[in-house]
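>>> When you get a sec, could you give me coordinates for this:
(one chain, ligands or ions: 1)
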Amino acid sequence: MRRKVIAGNWKMNNNLTESQNLISKLIEGLGKEKTNCEVIICPPFTSLSLAASLISGSIIKLGAQNMYFEENGAYTGEISASMLLSSGCEYVILGHSERRHIFGETDDLINKKIKKALSSGLKPIFCVGETLDERESGVTNEIIKRQVYEGLNGLSEKDLDTIIIAYEPVWAIGTGKTATPNQAQEVHNFIRNLISDKFSSAAAEKIIIQYGGSVKPDNAKELLSQKDIDGALVGGACLKAESFIGIIQAA
Ligand code: 13P
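As a prediction, the model looks like this:
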């Protein structure tokens, strides 16, 4: 039985005061909850240290939203794996569709970042997903296969123990249009089969695959009850403590 993992991607939201308020509400709300799922928050870089100290002793774990693959040096505006570790991060989101589509990240760059995260001791949340155009032209599987195989290129089966894959159809992100549980389950199953073909059936059975794209408290339960959906990567609904906790309760 795989564990359930609920992660909140804050994106470019919340200054220090707002971060403190949201985290305090989460800790207060979750303190009373009995939950057996793993809970991760991914605030912006500027709030990571504060978040790390606020969540200490709670069930919440910390992740970042991006990093660069080089150790250090003249890379203005970038953040390294060691900086994230020293800020208290355990996870890092890599290959998010907003990084791919707004900032032009390629499969090759994402692969380098995944390798660096793993060799540094960070756990990647590796995102894949097709655009609406790609879905409508019937190439969803082809796109997902390319993203998964190129992103995981050169990794070992053991590496997969510390990777979470997040399937986020681009057309469902921030649009209020969720993939139906069947649509999501179909792609999750396809991804699990890809892992089985490239690595092993044992690796495929173990790997956590989250769904992301307009997950809300009222659709979370049905999505999360699908056989191959092991959690959620939540955007908009993680910015309010009540709705993020609602999703955690659904899991
Ligand atoms: P929304 O939940 O706002 O659609 O965002 C999903 C997402 O991109 C999480 O990484």
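>>> So for whichever residue of the stretch 101-250 of the chain sits closest to the ligand, what's the nearest residue that isn't a sequence neighbour?
The minimum distance from the stretch 101-250 of the chain to the ligand, using CB to the nearest ligand atom, falls at Gly235 (2.2 Å). C-beta: built from backbone N, CA, C; applies to glycine. Ranked by CB to CB, 6 or more residues apart in numbering and with sequence neighbours excluded, the top spatial neighbour of Gly235 is Asn9, at 5.4 Å.
>>> pLDDT weak spots in the chain?
32-33 (pLDDT under 70).
>>> residue closest to the middle of it?
Ile125 (4.3 Å; CA atoms, centre = their mean).
>>> right, and that one touches Ile164 too?
Yes. Ile125 is within contact range of Ile164, at 4.7 Å (criterion: CB atoms under 8 Å).
>>> which neighbours do the two share?
Here Ile125 and Ile164 have Ala7, Tyr91, Gln210 as joint contacts, going by CB atoms under 8 Å, 6 or more residues apart in numbering.
>>> how about CSV for those residues, with neighbour count and distance to the ligand added?
Below are the shared contacts of Ile125 and Ile164 laid out as CSV (neighbours: other CB atoms under 10 Å; distance: CB to the nearest ligand atom, whole Å):
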residue, neighbour count, distance to the ligand
Ala7, 24, 8
Tyr91, 24, 12
Gln210, 26, 9
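>>> Strands - which of the residues you listed land there?
Ala7, Tyr91, Gln210 (DSSP state E).
>>> Closest to Leu85 out of these?
Tyr91 (10.9 Å; CB to CB).
>>> Let me see the contact set for Asn36.
Going by CB under 8 Å, 6+ apart, Asn36 touches Arg3, Lys4.
>>> quick one: the helices in the stretch 1-150 of the chain?
Per DSSP state H, counting those that start in this stretch, the stretch 1-150 of the chain carries helices over the ranges 16-31, 48-55, 81-86, 97-101, 107-120, 132-136, 140-151.
>>> Can you work out which other helices and strands pack against the fifth one?
In other words, helix 107-120. helix 81-86, strand 91-94, strand 123-128, helix 140-151 (3 or more CB pairs under 8 Å, 6 or more residues apart in numbering; DSSP states H and E).
>>> hmm, back to that, okay, and the beta partners of the residue nearest to the centre of the chain?
Legend: beta-bridge partners of Ile125 under DSSP bridges are Ile93, Ile164.
>>> Let me see the contact set for it.
With contact set as CB under 8 Å, 6+ apart, Ile125 has these partners: 7, 40, 42, 63, 91-94, 164-166, 210, 233.
>>> One more pass at 6 Å, please.
Shown in contact with Ile125 (CB atoms under 6 Å, 6 or more residues apart in numbering): Tyr91, Ile93, Ile164, Ala166.
>>> who in the protein is up against the ligand?
9, 96, 168, 173-174, 212-215, 233-237 (CB under 6 Å from any ligand atom).
>>> What are the buried residues along the longest helix along the chain?
Identified as the longest helix of the chain according to DSSP state H is helix 181-198. Of the residues in helix 181-198, Pro181, Ala184, Gln185, Val187, His188, Asn189, Phe190, Ile191, Arg192, Leu194, Ile195, Lys198 count as buried by neighbour count, 16 or more other CB atoms under 10 Å.
>>> The residue located most distally from the centre of the chain and the ligand: what is the separation?
The centre of the chain is farthest from one residue, Ala74, which by CA atoms, centre = their mean lies 28.0 Å away. Distance, Ala74 to the ligand, using CB to the nearest ligand atom, to the nearest Å: 30 Å.
>>> How about Ile41?
Distance of Ile41 to the ligand, given as CB to the nearest ligand atom: 12 Å.
>>> Nearest residue to that residue in space, please, no chain neighbours.
Gly8 (4.8 Å).
>>> I'd say that neighbour and Pro43 touch.
No. Using CB atoms under 6 Å, Gly8 makes no contact with Pro43, being 8.6 Å away.
>>> Point me to the residue of the stretch 1-150 of the chain nearest the ligand.
Asn9 (3.7 Å).
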